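In: based on what follows, work out the 3D shape:
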Amino acid sequence: MSLSKHLDRLHKMHRLIKFQRTGTPEEFAVRLGISRSMLYRLIGELKAMDAPIYFCVRRQSYTYSESVELQLGFKRTNPAVLRDAAGGATCIPLMGKAASIHRS
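Out: All right, here's what the predicted structure looks like:
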């Protein structure tokens, strides 16, 4: 499975869990187009990322025990912050390739 498809699936899971619209594990797996065992693996991944997921018997849905947001992706950062985090090291591209590391 491609990374993009995996991330899309995690986002869809998050939305369904957040709004308590998953249904039973079997229904949730069908909504996602995956097997129940794959669903349990993905729930395990979310839990490994500290998602407070549990199954609410009364609502018959997975839900979060507290308000959370899933954030996956890239964010542009200030080059000065990156330089400071790297101890002043910078990578200089040379003809499309990173050729060497220089200290400023």
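
In: for stretch 70-82, buried residues please.
Out: For stretch 70-82, burial by neighbour count (16 or more other C-beta atoms under 10 Å) applies to no residue. C-betas here are computed from N, CA, C, even on glycine.

In: quick one: distance of it to the chain centre.
Out: Chain-centre distance of stretch 70-82: 15 Å, with C-alpha atoms, centre = their mean, to the nearest Å.

In: then stretch 6-20?
Out: Using C-alpha atoms, centre = their mean, the mean C-alpha position of stretch 6-20 is found 10 Å from that of the whole chain.

In: stretch 7-24 too?
Out: 12 Å.

In: can you tell me what sits against it?
Out: For stretch 7-24, the external contacting residues (C-beta atoms under 8 Å, 6 or more residues apart in numbering) are 28, 31-32, 34, 42-43, 45-46, 51, 53, 56, 59-64, 68, 70, 72-73.

In: list buried residues within those.
Out: 28, 32, 34, 42-43, 46, 51, 53, 61-64, 68.

In: out of these, list just those in strands.
Out: Counted as lying in strands by DSSP state E, out of the buried ones among the contacts of stretch 7-24, are 53, 61-64.

In: now those residues in TSV, with pLDDT and distance to residue 19?
Out: As requested, these are exported to TSV (pLDDT from 0 to 100; distance: C-beta to C-beta, whole Å):
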residue	pLDDT	distance to residue 19
53	97	14
61	98	9
62	98	11
63	97	9
64	97	10
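
In: for the host helix or strand of residue 11, buried residues please.
Out: Using DSSP states H and E, residue 11 falls within helix 3-18. When neighbours are counted by 16+ other C-beta under 10 Å, the buried residues of helix 3-18 are found to be 9-10, 13-14, 16-18.

In: going by distance to residue 84, which of the ones in strands among the buried ones among the contacts of stretch 7-24 wins?
Out: Compare each of these with residue 84 using C-beta to C-beta and the shortest gap goes to residue 64, at 35.2 Å.
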